[in-house]
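A.B. asks: sequence first, predicted model second:
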Amino acid sequence: MAILLITGTGTEVGKTVTTAAVAATALAAGRSVAVLKAAQTGVRPDERGDADEVARLAGDVTAAEVARFPEPLAPGTAARRAGLPPVGPGDVAEAAAKLATDHDLVLVEGAGGLLVRFDEAGGTLADVAELLSAPVLVVASAGLGTLNTTELTARELRSRRLDFPGVVIGSWPDSPDLASRCNLADLPEVAGAPLLGALPAGAGALPPPAFRASAPGWLAPGLDGTWDVEAFGAREAP
């Protein structure tokens with residue numbers, strides 16, 4: 001796949017760190033990588049955004065944004081309040097396709113969840129995926145409440161007939177509770193797609209060299225990694 005979209009089941013589920021892990025693993029496999037943030041919100045012009053954080057952790061990737069807005073809101077709302085032109089799905093798709101002409105892999109990171117609105121017309125990351133005919137990787141949280149948001153996201157992807165390779169747990173706790181451990185079996189069932197990885201809590205705080213060395217062990221072979229879902233489940237499940 002030349003272009004992979006990465007969405008979350010909500011905010012703060014580990015989407016940016018997962019994007020960095022996918023990028024680092026692809027780089028380790030010898031692929032050239034670009035990371036595109038569809039719409040960066042909540043940062044000033046002089047601050048580092050999510051694409052910059054991916055580059056810091058993953059290494060030699062091309063980092064790009066379509067647009068950024070200062071307030072930490074949904075992109076459509078943030079653009080309106082800032083008096084700036086919104087980002088449309090066509091803008092994101094065009095930028096991703098351009099990057100794909102000279103990179104083996106382009107990772108497009110969304111803002112929040114799949115249906116967060118980019119503009120007043122209601123454009124979303126799902127619309128970008130339709131325009132690009134690109135697969136969408138879903139990043140989910142580990143604990144209580146994740147089954148509902150994961151299943152809703154999966155249903156929307158399927159209703160649009162979009163390719164959905166699987167789910168990555170964006171932050172696996174050091175001491176998982178019962179709900180988290182049970183979700184190892186329940187997440188792929190409600191998603192109708194496999195678990196493709198689990199990042200340890202605090203992975204984004206690792207020094208970049210350690211992050212890059214460890215990233216392939218957090219992701220399944222479908223994402224160029226070595227993570228073994230059966231071995232992980234046998235160790236962590238109740």
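C.D. replies: That came through, no problem.
A.B. asks: following the longest strand along the chain, which helix or strand comes up?
C.D. replies: For the chain, the strand reaching the highest residue count under DSSP state E is reported as strand 105-113. Next in sequence after strand 105-113, counting helices and strands by DSSP states H and E, comes helix 125-132.
A.B. asks: any low-confidence regions in this structure?
C.D. replies: Low-confidence segments of the chain, defined by pLDDT under 70: 1.
A.B. asks: just the strands in it please.
C.D. replies: 3-8, 33-37, 40-41, 62-65, 68-69, 105-113, 136-140, 167-172, 195-200.
A.B. asks: contact partners of the fifth one?
C.D. replies: Residues from elsewhere that reach strand 68-69, judged by C-beta atoms under 8 Å, 6 or more residues apart in numbering: 37, 39-43, 45, 49, 75, 78-79, 81-82, 84. Heads up, the C-betas are built off the backbone N, CA and C, glycines and all.
A.B. asks: if we go to 6 Å?
C.D. replies: With contact meaning C-beta atoms under 6 Å, 6 or more residues apart in numbering, strand 68-69 is reached by Q40, T41, V43, A78, A79, A82.
A.B. asks: how close does the residue nearest to the fifth one when sequence neighbours are not counted sit to A38?
C.D. replies: With C-beta to C-beta, 6 or more residues apart in numbering as the measure, P86 is the residue that lies nearest to A79, at 4.0 Å, once sequence neighbours are left out. Shown here: P86 relative to A38, a distance of 11 Å by C-beta to C-beta, to the nearest Å.
A.B. asks: ok, those two, which is more surrounded?
C.D. replies: Neighbours were counted for P86 and for A38 using other C-beta atoms under 10 Å; A38 has more, 29 against 21.
A.B. asks: what sits closest to the more buried one if chain neighbours are left out?
C.D. replies: Using C-beta to C-beta, 6+ apart, the closest residue to A38 is V92 (4.6 Å).
A.B. asks: related to what we said a few turns ago, phi, psi of the residue nearest to A79?
C.D. replies: Main-chain dihedrals, P86, degrees, to the nearest 10: phi -70, psi 170.
A.B. asks: pretty sure it sits against D119.
C.D. replies: Yes - in this structure P86 lies within contact range of D119 using C-beta atoms under 6 Å: 3.8 Å.
A.B. asks: quick one: G112 and E12, what's the gap?
C.D. replies: In terms of C-beta to C-beta, G112 sits 9 Å off from E12.
A.B. asks: brain fart, S133
C.D. replies: 29 Å.
A.B. asks: cool, and V87?
C.D. replies: Counting by C-beta to C-beta, the gap from V87 to E12 is 21 Å.
A.B. asks: higher neighbour count, those two?
C.D. replies: More crowded of V87 and E12, by other C-beta under 10 Å: V87, with 26 against 11.
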